[in-house]
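Enquirer: build the 3D model from these lines:
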Amino acid sequence: MAILTMLNQVFVLFLLMGIGFILSKSGVVDKKGSDQMTTLLCYIVLPCAILNSFQMEFTYSMLHNFAIMCAITFGIHVFNILASQLIFNKKRVIDNEQKCVLQFSSIYSNTGFMGFPLLEAMAGKNGLFYGSAYNSVFGLFLWTQGFLLYSRKLDKKSILKAFLNPNIIASVIGLFLYCFSLELPGPIYLSVKYLAQLNTGLSMIVIGTTMTQISFRKMFKGIQAWECVVMRNLILPFALLFILYAIGLRGQLLLCSVIPAACPVAGFSVLFAKLTGKNVAFPCQIMTLSTISSLFTMPFILGVISLLL
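Expert: Residues are numbered from 1 along each chain as shown. You can find the predicted model right below:
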């Protein structure tokens, strides 16, 4: 029954992605519109979803689990970084720019746009609460090690961006309110709640619109792109699942650790290429391939998780 519930939730999310794909293909939503929705999600909707997830009754056990999630997420990203450097090394990938894209795409998953809707669908408000811990650590790695892969330099500006990211700020404010059992004033709480409710639908639609930005004829070519997708969508998630299960992680903590780690390639792979003046075609190809492949890999991984819970 648990497997059927999970599959049903995943199917709903992919239907929403399909709507985004159709809207983009039909010209109802163009690239500019997709970019504007992405900005709305990153800077307004997702921070509100994070802040809203902290509006619950304080318990020491939840706070303890939040700290555990931060530690687990740190370990996940260290593991991913080491694995990506081992697989996509200088001997196997001669082109340095491609090597950086392959490593980044293996390490960083789409935790915000796909991870949060899935966590909410699978674990409700607790899922978003634990997801906030995951996303905070993810953001720090993303804007330091992740950005360094593309820019080859780490400056004060990128470090400042890591700590001033709206999603991390929302996590800090939310955790403060949670620890001191403070509630947002009525009108503010309702505004945050309504904006948070946009997260799932809008996230999936945005992902659907980005899938039309690369030629399907070119998309399936290139063995290294496929190697990266297999790494991101299957090998790393299953390796992490069995490691975490072996060390005794169970229940919602196991579910909420593996779901964001099993999501397809992060859209930041394309965004960072744009920001640093790199070719966006290769990261866009990998991201689209990974997202399409997740139609099959995500239900499979969720099915395995449900058997272990």
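Enquirer: now Leu13: which helix or strand?
Expert: Per DSSP states H and E: Leu13 is located in helix 2-25.
Enquirer: check which helices and strands that helix sits against.
Expert: If contacts are counted by 3 or more CB pairs under 8 Å, 6 or more residues apart in numbering; DSSP states H and E, helix 2-25 sits against helix 116-141, helix 199-210, helix 281-308. No exception for glycine: its C-beta is placed from N, CA and C like everyone else's.
Enquirer: quick check: what element follows the shortest one along the chain?
Expert: Using DSSP H and E, the next helix or strand after helix 199-210 towards the C-terminus is helix 216-219.
Enquirer: run the chain-centre distance for the very next helix or strand once past that next one.
Expert: As assigned by DSSP H and E, the chain's next helix or strand after helix 216-219 is helix 223-230. Taking the mean of its C-alpha atoms, helix 223-230 sits 19 Å from the chain's own mean (CA atoms, centre = their mean, to the nearest Å).
Enquirer: and stretch 281-301, by the same measure?
Expert: 12 Å.
Enquirer: buried set for it?
Expert: 282-294, 297-301 (16 or more other CB atoms under 10 Å).
Enquirer: repeat that for stretch 14-23.
Expert: Those would be Phe14, Leu16, Met17, Gly20, Phe21, Leu23, for stretch 14-23 by 16+ other CB under 10 Å.
Enquirer: surely the fifth one and Thr210 touch.
Expert: No: when contacts are counted by CB atoms under 8 Å, Phe21 is not listed as touching Thr210 (9.2 Å).
Enquirer: can you give me the pLDDT of the closest residue to Gln252 other than its chain neighbours?
Expert: Nearest non-adjacent residue to Gln252, counting by CB to CB, 6 or more residues apart in numbering: Ala123, 5.3 Å away. With respect to pLDDT, Ala123 scores 86.
Enquirer: and what of Ile3?
Expert: pLDDT, Ile3: 60.
Enquirer: any stretches of the stretch 51-200 of the chain with poor pLDDT?
Expert: 154, 158, 162 (pLDDT under 70).
Enquirer: for it, which segments count as helices?
Expert: Along the stretch 51-200 of the chain, counting by DSSP state H, counting those that start in this stretch, helices occupy 60-87, 96-107, 116-141, 147-151, 156-163, 166-179, 186-196, 199-210.
Enquirer: now do the SS call for Cys263.
Expert: coil (DSSP: H, G, I helix; E, B strand; the rest coil).
Enquirer: that one: neighbour count?
Expert: A total of 29 residues lie near Cys263 under the criterion other CB atoms under 10 Å.
Enquirer: now do the contacts for the residue lying closest to it once chain neighbours are set aside.
Expert: Among residues not flanking Cys263 along the chain, Ser109 sits closest, at 4.0 Å (CB to CB, 6+ apart). Contacts for Ser109 were tallied using CB atoms under 8 Å, 6 or more residues apart in numbering; they are Gly115, Arg232, Pro260, Ala261, Ala262, Cys263, Pro264, Val265, Ala266.
Enquirer: bridge partners for Ser109, pull those for me.
Expert: Val265 (DSSP bridges).
Enquirer: quick check: the residue most central in space within the chain vs Leu160, distance?
Expert: Note on the chain: the residue nearest the mean C-alpha position is Thr111, at 1.3 Å, using CA atoms, centre = their mean. Separation of Thr111 from Leu160 (CB to CB, to the nearest Å) stands at 21 Å.
Enquirer: can you check Trp143 too?
Expert: 9 Å.
Enquirer: neighbour count for these two, which is higher?
Expert: Ranked by neighbour count (other CB under 10 Å), Trp143 and Leu160 place Trp143 first, with 23 against 11.
Enquirer: is it true that Gln145 touches Ile81?
Expert: Yes: here Gln145 reaches Ile81: they are 6.5 Å apart, a contact under CB under 8 Å.
Enquirer: okay, and the common contacts of those two?
Expert: Ile107.
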